[in-house]
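sequence and computational prediction follow.
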Amino acid sequence: MSKKFPRLFSPLKLRSHTLKNRIVFGAHTANMAVEGLPTERHAAYYEERAIGGAAMIVVEPMPVHAAAVLTRGNFRHCDDAVVPHFKKVVEAIKGHGAVAIQQLYHVGAHGDSDNSFHPHWSPSGMPSYHDSDGSHPMTEAEVLETIDGFVEAARRCRDAGFDGVEVWAAYLGMVDQFWTPWCNRRDDQWGGSLENRTRMSREILARIREVCGSDFIIGLAVSDEPDVKVALQRDELAEIIRLHDELGLVDYVTCGSGGYLDFYKLMPTFLYPEKLGADLASILKGVVKNAVVIAESHIRTPENAETVLGEGAADLVSIVRGQIADPHLATKAGEDRPEDIRGCISCNQMCWGRRSRDYWISCLINPSVGREFEWNGDRFHKAGVPKRVQVIGGGPAGLEAARVAAERGHQVVLAEASSRLGGSFLLAGMQPRRAQILDLIAWYERQLEKLGVEVRLNTYVEAEDIDPADVDVVVVATGSYAAETGFQKALPTVETMPGIDGGKVFTIEAIMARQARADRRVLLLDEGGGWRGCGTAWKLAEEGHEVTIITPDPFVGKELQRTAADVPMRQALRKLGVQWIVEASIAEWHGTGATIIDHNTGERRFVEADTLVTATTNMPADWLIPGLAEQGLAIRQIGDCAAPRQAPYAFFEGRKTGLEI
């Protein structure tokens, strides 16, 4: 029994199953199916979380009808061919003591025509909030067809060996659309009164019980959108759940946040408070007499989870992104080793960010996600021949390469030129609300110490400092630097920004590292559209500067759109008084302001500013490579010194290198 998390590691009975702890790995679209069938990639992904100690795993949603297909990685609907493939997934989960559930879903109006090639169906023909299409008001025959789809999907799950199913009634999907008066405007037996609006869900759940048996677990997923007036409010949801609970239709209810009308809380980033799902869970916990309540949404850590359980807000907690980032979170917490958990940084960059582009998901800080079947998850095989490894650079690539090489038994020395580890990632952690990055760097420091890695700070390495007789492999992870020419991709014929030598021009790295101090009025040139520029603008605005962002993109934070962070980020900037000019570039810097050019009209105008801050594409800091090569050393060039990119690829190359040495 865990002393630090006693409630989290107490068992719980669910039908005839006993969950070994209160940690659930909740449903989310991993998008890993190929031709509609789960693959080795998919099975290994869930198996790693079962090995890691999760008590219950809810496999990603199965579309129950042709109209429900949403991604190219969705499973085949209405086809028994999925059953033998899902048996492998179930065996991978249950073989490690976890209960296996699959979610069933229908998005209703919010379909994806590019993937489904089917008209969107909904109760009353409301528009899609997923794409720009409309939907078809369902006939009664189509309502019954949809119910049959849920029941048949549940039957396939039972045949594959799943212990139960979770019916998706969250995010204003099909079931929720029937519940909600705003989008259910029917005047037949499927609309109007509460009894009629819940008829579909009651039919689905009752028939699943009839077909799948008394021992089959049936869950229901709902979500909380209190800031959207037309969505069901908490008291209305409580009334609906009370009705289903009194009829004995559900064994558990999962409480998430956000939805199609409040999309940014659906996968909340670090811009939102933690434990978002706990408020609704607490209310539903007060009305159910039979069902178990699961709190989900932004419950990142065992500490979060223990608090939710201790407050009596829920019976179970679903930690999704936390167990994506560290699949062994449950085991480490159960062994009272929370300091060894690699904490999710709530960035959404490779989980929701890749899913939003219809790829299979991964993780910024854990590149084994989606590659568990290739890389043995987060478990390491010892190297056949231990080697002496010199890592140069303590940013994400160097940290991960050093850690993994040491895990495999190599003797590792890590040299970092500055006084702290982290590289440019450390600067990112100094931006507002991004301290989870600093927690991650502290995690690396602890892991490297435990693994016996020799860390040399304030150590600038030249090629001649490396003695080939003392080193078997040199990993160069020296990062990147700003060219300081002011070159803008949007103005490709202008190699150097006119006037850039006139002073008061600084890179965002210089600003964040406090190597330079901006004056009151700041013009920030952002060609990246990510946190480098936007986070620095936020930092400067919080410090009292008057900030104007100029970008060639059509909106600020273009690259953050895929992470569901751009809108709340812009709202935060506006509250701080940040202004912006879009679809424009800087024609010339004058020291007292800039001449900007409008890309739509070609017009030029002057914008006053005291300081220009640039967030443009960096150059690789690769000057060590030729000298090391001349000495005949075995070299691995990784991270931004290979090519400046976003952080996920530095962590990926660090892991890959550590595994290959």
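On my side now, so go ahead.

secondary structure element for the most centrally placed residue in the chain, which one?
Centroid-nearest residue in the chain, with Cα atoms, centre = their mean: Asn348, separated by 2.8 Å. Assigned by DSSP states H and E, Asn348 belongs to no helix or strand.

how about it: what's its closest non-neighbour residue?
Distances taken as Cβ to Cβ, 6 or more residues apart in numbering put Thr563 closest to Asn348, at 3.9 Å, once the chain neighbours are dropped. Every residue, glycine included, has its C-beta placed from N, CA and C.

next one: Gly627
Leaving out its chain neighbours, Gly627 is closest to Ala463 (Cβ to Cβ, 6+ apart), at 2.7 Å.

can you get me a residue count around that neighbour?
Residues lying near Ala463 (other Cβ atoms under 10 Å) number 18.

confidence score at it?
Ala463 carries a pLDDT value of 93.

pretty sure it sits against Asp622.
No: assessed by Cβ atoms under 8 Å, Ala463 is found out of contact with Asp622, at 11.8 Å.

what sits in contact with each of these two?
Shared contacts of Ala463 and Asp622 (Cβ atoms under 8 Å, 6 or more residues apart in numbering): none.

I figured the residue nearest to the centre of the chain hits Thr269, correct?
Yes: applying Cβ under 8 Å, one finds Asn348 in contact with Thr269, separated by 5.3 Å.

okay, and the common contacts of those two?
Counting by Cβ under 8 Å, 6+ apart, the residues touching both Asn348 and Thr269 are Thr563, Ala564, Ala565.

list the contacts for the second one?
The reference is to Ala564. Applying Cβ under 8 Å, 6+ apart to Ala564 gives the contacts Phe263, Tyr264, Leu266, Met267, Thr269, Asn348, Trp352, Ser356.

adding secondary structure, write those residues out as a markdown table.
Formatted as a markdown table, the contacts of Ala564 follow (DSSP: H, G, I helix; E, B strand; the rest coil):
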| residue | secondary structure |
| --- | --- |
| Phe263 | helix |
| Tyr264 | helix |
| Leu266 | coil |
| Met267 | coil |
| Thr269 | coil |
| Asn348 | coil |
| Trp352 | helix |
| Ser356 | coil |
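
care to break this protein down by domain?
The chain breaks down by automatic domain parsing into domains covering 12-375, 388-481+620-660, 500-617.

so which of the ones you listed is nearest His381?
Minimum separation from His381 across the domains of the chain (Cβ to Cβ) falls at domain 388-481+620-660, 6.9 Å.

chain center to the closest one, what's the gap?
25 Å (Cα atoms, centre = their mean, to the nearest Å).

got the buried residues for the longest helix that the chain contains?
If you go by DSSP state H, the chain has its longest helix at helix 140-160. Neighbour counts over helix 140-160 (16 or more other Cβ atoms under 10 Å) mark 143, 146-158, 160 as buried.

need the strands for the stretch 451-600 of the chain, in chain order.
Listed in chain order, the strands of the stretch 451-600 of the chain (DSSP state E, counting those that start in this stretch) span 454-456, 473-476, 480-481, 505-507, 521-526, 546-551, 579-582, 584-589, 593-598.

got a list of contacts for the last one?
Outside strand 593-598, the residues that touch it by Cβ under 8 Å, 6+ apart are 491, 523, 550, 581, 583-588, 603-609, 612.

quick revisit: would you format the domains of the chain as TSV with distance to Phe5 included?
TSV is the format used below for the domains of the chain (distance: least, Cβ to Cβ, whole Å):
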stretch	distance to Phe5
domain 12-375	5
domain 388-481+620-660	18
domain 500-617	30
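
Phe487 is nearest to which of these?
domain 500-617 (6.6 Å).

now do the end-to-end distance for that closest one.
16 Å (Cα to Cα, to the nearest Å).

how far off centre is that domain?
For domain 500-617 - counting by Cα atoms, centre = their mean - the centre lies 26 Å from the chain centre.

then stretch 471-487?
28 Å.

state the distance from the residue lying farthest from the centre of the chain to Ala402.
In the chain, counting by Cα atoms, centre = their mean, Ala469 sits farthest out from the average C-alpha position, at 43.9 Å. Remark: distance between Ala469 and Ala402 (Cβ to Cβ, to the nearest Å) = 21 Å.

Ala278 too?
Distance from Ala278 to Ala402, by Cβ to Cβ: 38 Å.

same question, Asp472
Taking Cβ to Cβ, one finds Asp472 at 14 Å from Ala402.

hmm, back to that, which one of Ala278 and Ala402 has more residues nearby?
Ala402 (32 against 27).

wait, isn't the more buried one in contact with Gln411?
No: contact criterion Cβ under 8 Å: Ala402 and Gln411 do not qualify, at 10.9 Å.

helix/strand/coil for the residue lying closest to Leu525 once chain neighbours are set aside?
Excluding its sequence neighbours, the residue lying closest to Leu525 (Cβ to Cβ, 6+ apart) is Thr614, at 4.9 Å. What three-state DSSP gives for Thr614 is strand.

can you pull the contacts of Thr614?
Ala482, Glu484, Gly486, Val505, Phe506, Thr507, Ile508, Leu524, Leu525.

run a quick neighbour tally on Arg651.
In this structure residue 651 is Phe, not Arg. Neighbours around Phe651, by other Cβ under 10 Å: 26.

just Arg199 next, same as before
The burial count for Arg199: 18, using other Cβ under 10 Å.
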